[in-house]
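> Could you work out the structure for the sequence below:
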Amino acid sequence: MKIAVVDYGAGNLRSVANALDYLKANFFISDKPEVLEKSDKLIFPGVGHAKSAMNKLRSAGTDTFLKSYAASGRGIFGICLGSQLFLEHSEEGDTPCLAFMPGVCKRFSAGGLKVPQIGWNNVYHSDHPIFDGIPSGAAFYFVHSYYTVPTDKDNILCTAEYGSEYAAGLAKDNLVSVQFHPERSGKWGLKLLMNFAELL
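Next up is the predicted model:
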């Protein structure tokens, strides 16, 4: 099983690679669609600005590749900005996104809490293979100012609270994503990545 990590200039690639190295996963990093195509599943990470990220994806044709890859039924795991780009639109830069599932990405209005949210937060989930062996309420590391709002509540993978409850992860068919950073979240984050590598 070969995992590709998408390099589009917006990824926290080194920390993701370090986590996959630790797990002894069979993976490679590439920015070329024709190389990424050779993988069995794909990690789509990201930090930064939605509009800049989508511009880079479009200029390289990677947006079209990702849609084709998703349609092939192979697994895609989005992380942080990668999760936000799964939806149709982001308020950040008024940006059309990948539209893997209906919904929008909105900026926090966190009721006096600091934005961005930076630090550990509890994540609550129901039964999905990506969370196999991970207790609901386990803490993961977040850094973000925007959050996902899927149109279909069935696409909510997990939730967290910051001012109010929000979707901290998305899932639809072969697509799974999380707003937090599993590669920076200790044993539960490593377990999540292992589950993607081995179960999905």
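> how about the CA coordinates for the longest strand seen in the chain, as CSV?
If you go by DSSP state E, the chain has its longest strand at strand 164-172. This file holds the C-alpha atoms of strand 164-172, laid out as CSV (Å, rounded to 0.1, in the frame of the first residue of the first chain):
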residue,chain,number,x,y,z
SER,A,164,-19.8,26.7,20.1
GLU,A,165,-19.8,23.3,18.6
TYR,A,166,-18.4,22.9,15.1
ALA,A,167,-17.5,20.2,12.6
ALA,A,168,-13.8,19.2,13.3
GLY,A,169,-13.8,16.6,10.6
LEU,A,170,-15.6,15.5,7.4
ALA,A,171,-16.3,12.2,5.8
LYS,A,172,-18.0,11.1,2.6
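> Mind giving me the packing neighbours of the helix or strand following it?
The helix or strand immediately downstream of strand 164-172 is strand 175-178, counting by DSSP states H and E. Using 3 or more C-beta pairs under 8 Å, 6 or more residues apart in numbering; DSSP states H and E, the elements in contact with strand 175-178 are strand 75-79, helix 81-84, strand 156-162, strand 164-172. The C-beta positions use only the backbone N, C-alpha and C, and glycine is treated the same way.
> ok, which stretches of this structure are strands?
Using DSSP E, strands in the chain cover 3-6, 27-30, 41-44, 75-79, 89-90, 95-96, 103-107, 117-122, 124-125, 139-144, 146-150, 156-162, 164-172, 175-178.
> In CSV: the helices and strands packed on strand 175-178, plus distance to Thr95 and mean pLDDT.
Output for the helices and strands packed on strand 175-178, formatted as CSV (distance: least, C-beta to C-beta, whole Å; pLDDT from 0 to 100):
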stretch, distance to Thr95, mean pLDDT
strand 75-79, 15, 97
helix 81-84, 9, 96
strand 156-162, 22, 97
strand 164-172, 17, 96
